[in-house]
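1. here is a sequence together with a model predicted from it:
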Amino acid sequence: ERAMPIVRSASRSHAHLALLGDKQLLFDDGGAGFVMYGISGRSWIAMGDPVAAPELRRELAWRFHELVDAHRGLTVFYEVTGDDLPIYLDLGLTLRKLGEEGRVRLPEFSLDGSARKGLRQTQRRLERDGARMEILPATAVPPLIDELAAISESWLRSKSTREKRFSLGRFDPSYLARTPLAVVRRDERIVAFANVWAPEAREELSIDLMRYDETAPSGVIEYLFTELLLWGRAQGYQWFSLGMAPLSGFEHHRLAPLWNRLGALLFRHGENLYHFRGLRDFKEKFDPVWEPRYLASPGGLTLPLVLTQISTLISGGVTGVVRK
């Protein structure tokens with residue numbers, strides 16, 4: 001509840017991850033910003049940059065670093081933007097690229113032109129098939145929870161996967177009831193949904209948990225994204241975040257650092273297992289601006305430990321690391 005006003009006024013939509021309830025929150029003295037973090041082993045892992053105005057982010061980063069040091073832990077900032085890299089370097093952390101985030105400039109987005117032909121065709125096909133998208137207020141979510149839960153369970157079974165956490169939302173009724181919900185109905189029945197991160201600042205719009213069931217028409221996710229982009233533009237938002245494309249944007253060059261060369265190799269040849277390229281290709285349909293995202297952490301021999309503990313935190317335990 002204390003974080004909610006900060007989340008609503010945030011310029012970046014990832015601040016909504018504070019509402020999951022799976023993180024601890026470190027506020028500044030005035031309560032105008034926070035660092036959200038989790039602890040895995042020795043690693044104290046902040047999710048993203050501090051959520052605050054620019055003049056407060058340095059103070060919050062140092063306060064978090066001091067807290068971690070007092071507990072003899074390792075300070076980690078996960079998926080940070082390029083905005084505050086000097087802060088993390090001043091903390092003595094090493095920066096490594098994790099991938100790129102796709103962001104669509106909404107005032108310039110439309111379905112006009114030959115480049116948008118595929119999106120137009122998907123939109124028209126689904127509408128002919130009886131599909132339509134609707135944005136529901138947060139107050140309308142609780143009565144739908146049982147219906148949404150059935151869709152979520154169907155999706156998890158079809159993907160042979162389990163819920164993630166920390167950097168991604170999970171199906172949790174209290175979390176879903178805190179944000180608007182985008183639903184795709186077909187013949188009045190919900191076949192797909194996504195919770196919508198829509199800060200009142202109207203700077204950046206995004207979604208988190210996205211699920212559909214086996215009765216959803218082919219292309220429903222492309223349709224959902226298209227409709228959300230058009231809705232966001234009409235509402236006056238400036239950007240739509242498509243989220244991360246992990247390990248993309250790496251230089252595959254013999255003189256590139258080993259981390260970058262390994263990332264580029266996995267991106268190119270790990271498609272069957274991780275679908276990195278397929279995810280990037282899907283997001284490319286919306287012609288986003290690609291922006292790098294980084295890991296700021298201690299360097300040297302601690303890196304494998306940090307990466308393992310991040311994976312454990314996101315997967316919900318060691319078992320989740322070795323299972324989907």
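-> Sure thing, it's come through.
2. C-alpha from now on. contacts and neighbour counts both.
-> Will do.
3. now the end-to-end length of stretch 176-191.
-> With CA to CA, to the nearest Å as the measure, stretch 176-191 spans 17 Å from end to end.
4. what does it rub up against?
-> In this structure, residues lying in contact with stretch 176-191 by CA atoms under 8 Å, 6 or more residues apart in numbering are 19, 129-139, 141-142, 147, 151, 192-198, 212-213, 215-216, 220, 224, 228.
5. cool, stretch 107-116 as well?
-> With contacts defined as CA under 8 Å, 6+ apart, stretch 107-116 is touched by 117, 119-120, 229-230, 233, 236-238, 285.
6. pull out the buried members of the residues you listed.
-> Among these, those scoring as buried are 119-120, 229, 233, 237-238 (criterion: 16 or more other CA atoms under 10 Å).
7. narrow these to those in helices?
-> Among the buried ones among the contacts of stretch 107-116, the residues falling in helices (DSSP state H) are 119-120, 229, 233.
8. and those residues, which is closest to Thr308?
-> Leu229 (35.3 Å; CA to CA).
9. give the contact list for the closest one.
-> Residues counted as contacts of Leu229 (CA under 8 Å, 6+ apart) are 106, 109, 240.
10. for the chain, what spans make up the helices?
-> Counting by DSSP H, the helices of the chain are 4-8, 54-70, 85-90, 117-128, 145-159, 173-176, 220-234, 258-269, 271-274, 276-284, 303-315, 318-322.
11. which of the ones you listed sits closest to Arg96?
-> In terms of CA to CA, the element of the helices of the chain nearest to Arg96 is helix 258-269, at 7.6 Å.
12. show the average pLDDT along that closest one.
-> Helix 258-269 comes out with an average pLDDT of 44.
13. same thing with stretch 203-216?
-> Averaging pLDDT along stretch 203-216 gives 95.
14. list the buried residues of it.
-> For stretch 203-216, burial by neighbour count (16+ other CA under 10 Å) applies to 203-213, 216.
15. export these to a markdown table and tack on distance to Ala296?
-> Below are those laid out as a markdown table (distance: CA to CA, whole Å):
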| residue | distance to Ala296 |
| --- | --- |
| Glu203 | 25 |
| Glu204 | 23 |
| Leu205 | 25 |
| Ser206 | 24 |
| Ile207 | 25 |
| Asp208 | 23 |
| Leu209 | 26 |
| Met210 | 28 |
| Arg211 | 31 |
| Tyr212 | 34 |
| Asp213 | 37 |
| Ala216 | 40 |
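16. next step: the residues you listed restricted to strands.
-> Residues of these located in strands (DSSP state E): 204-212.
17. can you list the strands that the longest strand along the chain pairs with?
-> Assignment by DSSP E gives strand 94-105 as the longest strand of the chain. Strand pairing for strand 94-105, determined by DSSP bridges: strand 239-246 (antiparallel), strand 289-297 (antiparallel).
18. which of those has the lowest average pLDDT?
-> Among these, strand 239-246 carries the lowest mean pLDDT (a mean of 89).
19. now do that one: distance to the chain's middle.
-> Offset of strand 239-246 from its chain centre (CA atoms, centre = their mean, to the nearest Å): 7 Å.
20. so Asp287 touches Val104, yeah?
-> Yes - applying CA atoms under 8 Å, one finds Asp287 in contact with Val104, separated by 6.8 Å.
21. once you drop chain neighbours, what's closest to Lys164?
-> Nearest residue to Lys164 in three dimensions, chain neighbours excluded: Ser315, at 5.1 Å (CA to CA, 6 or more residues apart in numbering).
22. cool, Pro292 as well?
-> In space, Pro292 is closest to Glu100, 4.3 Å off (CA to CA, 6+ apart).
23. against Pro288, how distant is that neighbour?
-> Glu100 is 11 Å from Pro288, by CA to CA.
24. go on, Leu85?
-> Between Leu85 and Pro288 the distance is 22 Å, computed by CA to CA.
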